[in-house]
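[1] Return atomic coordinates for the entry below.
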Amino acid sequence: MRWIIFIGLIAFFSCKKDLASTTPVMDNIDTTTADIKYDGSFMNGPFGSVSGMVKIYTEDQQYSLALINVVISNGPDLHVYLSKEEQPGQFIDLGKLKSTTGNQVYSITGTPDFSEYKYVLIHCQKYNHLFGAARIAQ
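    Numbers count the residues shown, from 1 in each chain. This is a model prediction of the structure:
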């Protein structure tokens, strides 16, 4: 019984050090030069909660994804995905989540086919847990 408690405590504290930042990020896109192409609202996933909006902008043939007024429950190794499905199967990893709150901008490399990549996910890579998803549309 002591070993189970000990292993549980190790797992708990090792996850704590991997948590995302809670300091609000206030990235912005210059909306006077960038055009909004797609947007959507987040819904909670089975392993966390996510609220806020997502918008995809284009400027000079470069796409950027903006998380607007997001509030995300914390977890280890959270990433932002552009995905073909509501679950991470075929996706483009846009990087580690900058913070659990605020406005954040992520560059999208290349020119994904947004008729196929219809979802933005907040996903824990380490444990394969979906925290939330937004379906994007024009």
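[2] any chance you could map the helices in this protein?
    Under the criterion DSSP state H, the chain contains helices at 2-16.
[3] which stretches of it have low pLDDT?
    By pLDDT under 70, the low-scoring segments of the chain are 1-17.
[4] and with 50 instead?
    3-16 (pLDDT under 50).
[5] Show me the strands in it, by range?
    Counting by DSSP state E, the chain has strands at residues 25-26, 35-44, 50-59, 62-72, 78-83, 91-96, 101-108, 119-124, 129-135.
[6] closest one to Leu19 among those?
    strand 78-83 (8.5 Å; CB to CB). From N, CA and C alone the C-beta is placed, and that goes for glycine too.
[7] Using a markdown table, lay out the strands of the chain together with distance to Leu19 and mean neighbour count.
    Formatted as a markdown table, the strands of the chain follow (distance: least, CB to CB, whole Å; neighbours: other CB atoms under 10 Å):
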| stretch | distance to Leu19 | mean neighbour count |
| --- | --- | --- |
| strand 25-26 | 15 | 12 |
| strand 35-44 | 18 | 15 |
| strand 50-59 | 15 | 20 |
| strand 62-72 | 11 | 19 |
| strand 78-83 | 8 | 22 |
| strand 91-96 | 11 | 16 |
| strand 101-108 | 13 | 19 |
| strand 119-124 | 10 | 25 |
| strand 129-135 | 12 | 21 |
